[in-house]
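1. 3D model of this:
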Amino acid sequence: MEIALRKLARYTETYLVIIIAFLSILIAAKNPSFLTLENMFDLLKSYSFFGVMSIGVLMVLISGGIDISFAAVATVAEYLVALFMMRIGGNIFSAFAVAALVGSVLGYINGLLVNRFRIPPIIATIATMNAYYGLLIFATGGKWIYDLPIWFSDFAEIQLFTIHTANDSTYGLSIITMIWFAVMVAGILILRFTMLGRSIYAIGGDRKSALRVGLNVRRAEEFVYSFMGLLAGIAGVIQALLVQTVAPNSIVGKELNIIAAVVLGGASLTGGKGSVFGAFLGLVLLAIVKNGMTLMAIPPVWYEFFVGCVILLSVGITSYKGKLEKRRTATILVKA
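-> Numbering: from 1, shown residues only. Predicted coordinates for the structure are as follows:
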């Protein structure tokens with residue numbers, strides 16, 4: 001039993017589960033409606049947009065990179081899908097296919113800049129973020145799109161199962177939430193059960209060593225940015241499904257919230273660490289904090305303060321651990 005507890009104590013996910021449970025009880029004591037099944041389903045549905053993109057961010061961070069452009073990619077994909085639906089038609093499958101294609105191409109451009117031209121990831125993706133978003137605003141004039149097809153709004157209302165309340169209202173598990181869960185399963189399969197996933201971890205841990213052992217670093221790096229773009233495209237469609245409008249300025253600016261959730265879940269900003277379950281728990285924690293603040297009428301500015309502290313604390317812990325490892329290595333070398 002003691003050995004099992006020690007193993008659990010090594011994982012960031014263990015502490016996140018404890019914090020989530022504590023905060024949930026605390027918020028529910030102030031507002032009992034927080035822990036209702038209806039509120040939980042609503043939270044999962046509304047955060048599906050963030051959840052899908054968090055898996056892409058996770059893979060990029062594990063590989064030792066960073067992507068700031070994914071919100072702009074989602075915006076471009078969302079807008080182009082809306083134009084496609086209005087002018088050509090189609091169905092929900094073609095909408096997701098177009099979004100995935102657009103996102104993959106834009107993400108692949110990021111991968112080329114980072115891998116082939118050796119531009120630092122943060123510089124490359126900040127540049128593409130401004131380029132993608134700037135071109136979209138220039139081409140569209142920043143106009144919102146409201147006239148989405150009926151079949152599009154009908155799909156957003158699909159529930160895998162429905163619960164009826166005493167006052168004749170209904171709620172249930174949305175199909176949008178299931179898209180997020182499907183993406184998480186895909187992320188787990190890639191990272192844990194494929195050579196590509198092992199390569200992504202190896203590159204993030206030590207890129208030079210990964211090259212020495214013969215891993216295809218170029219393919220892995222280009223994949224993570226392309227996959228990030230693909231998921232950003234899918235998330236753009238999910239955003240349109242949730243709000244039933246397409247606004248060019250509604251997504252850009254939310255990048256830090258998603259990065260903070262993934263980092264909070266145990267992913268390292270220096271690469272080599274992270275899990276899908278951890279990213280999920282990090283996002284759940286941020287969702288609970290934001291929802292709890294809303295239910296308790298706390299000004300939303302404190303949520304942004306919390307996100308900033310999460311990023312700062314994570315960077316500080318990562319830097320501190322790096323210094324400790326260097327000291328241990330230096331001690332071993334001296335003794336040897």
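2. quick one: the strands in the stretch 151-300 of the chain?
-> The residue ranges that make up the strands of the stretch 151-300 of the chain, judged by DSSP state E, counting those that start in this stretch, are 159-164, 170-174.
3. I'd like the ones you listed written out as CSV, with mean pLDDT added.
-> Putting those into CSV (pLDDT from 0 to 100) gives the following:
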stretch, mean pLDDT
strand 159-164, 83
strand 170-174, 86
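4. Just name the most buried of those.
-> Of all the strands of the stretch 151-300 of the chain, strand 170-174 has the most neighbours on average by mean count of other CB atoms under 10 Å, namely a mean of 17. Bear in mind the C-beta positions are built from the backbone N, C-alpha and C, glycine included.
5. Tell me what angle that one forms with strand 159-164.
-> Between strand 170-174 and strand 159-164, the angle comes out at 160 degrees (axes from the mean of the first three to the mean of the last three CA atoms, to 10 degrees).
6. So what touches strand 170-174?
-> Under the criterion CB atoms under 8 Å, 6 or more residues apart in numbering, residues 37-38, 41-42, 44-45, 48, 156, 158-165 lie in contact with strand 170-174.
7. Name the nearest of these relative to V224.
-> Of all the contacts of strand 170-174, S48 has the smallest distance to V224: 21.4 Å, by CB to CB.
8. pretty sure the closest one is touching I176, no?
-> Yes. Taking contacts as CB atoms under 8 Å, S48 lies within contact range of I176: 4.9 Å.
9. residues shared between the contacts of these two?
-> I238, L242.
10. Helices of the stretch 1-150 of the chain, residue ranges please.
-> For the stretch 1-150 of the chain, the helices defined by DSSP state H, counting those that start in this stretch cover 2-9, 12-30, 37-46, 48-62, 70-87, 92-115, 121-140, 150-156.
11. Out of the ones you listed, which gets nearest to G278?
-> helix 12-30 (5.1 Å).
12. contacting residues for G229?
-> By CB under 8 Å, 6+ apart, the contact set of G229 is G56, F70, V73, G103, S104, V105, L106, G107, Y108, N110.
13. right, and the pair among the residues you listed with maximum separation?
-> G56 and V105 (14.7 Å).
14. more crowded one of the two?
-> G56 (29 against 16; other CB atoms under 10 Å).
15. isn't the more buried one right next to F227, touching?
-> Yes. Counting by CB under 8 Å, G56 touches F227, with 5.8 Å between them.
16. I'd like the helices of the stretch 1-150 of the chain written out as CSV, with distance to G236 and mean pLDDT added.
-> Listed next are these as CSV, based on distance: least, CB to CB, whole Å; pLDDT from 0 to 100:
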stretch, distance to G236, mean pLDDT
helix 2-9, 37, 66
helix 12-30, 28, 86
helix 37-46, 16, 90
helix 48-62, 8, 96
helix 70-87, 3, 95
helix 92-115, 6, 96
helix 121-140, 11, 95
helix 150-156, 13, 93
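17. Deepest-packed of those helices, please.
-> Buried most deeply of the helices of the stretch 1-150 of the chain, by mean count of other CB under 10 Å, is helix 48-62, with a mean of 28.
18. Work out the gap between that one and the centre of the chain.
-> When distances are taken as CA atoms, centre = their mean, to the nearest Å, helix 48-62 is centred 3 Å away from the chain's centroid.
19. for stretch 300-307, same thing?
-> 19 Å.
20. Enumerate the positions of it that are buried.
-> Y303, V307 (16 or more other CB atoms under 10 Å).
21. Likewise for stretch 167-186?
-> Neighbour-count burial for stretch 167-186 [16+ other CB under 10 Å]: Y171, G172, L173, S174, I175, I176, T177, M178, I179, W180, V183, M184.
22. since we're on K208, how many residues are nearby?
-> 8.
23. With the one 4 residues further on instead?
-> Applying the criterion other CB under 10 Å, we find 9 residues in the vicinity of R212.
24. roughly how far apart are it and D206?
-> 9 Å (CB to CB, to the nearest Å).
25. and if you look at E13?
-> On the measure of CB to CB, E13 and D206 end up 24 Å apart.
26. List the contacts of A240.
-> Contacts of A240 by CB under 8 Å, 6+ apart are E78, V81, A82, L148, F152, V246.
27. Let's see that with 6 Å instead.
-> By CB atoms under 6 Å, 6 or more residues apart in numbering, the contact list for A240 reads E78, V246.
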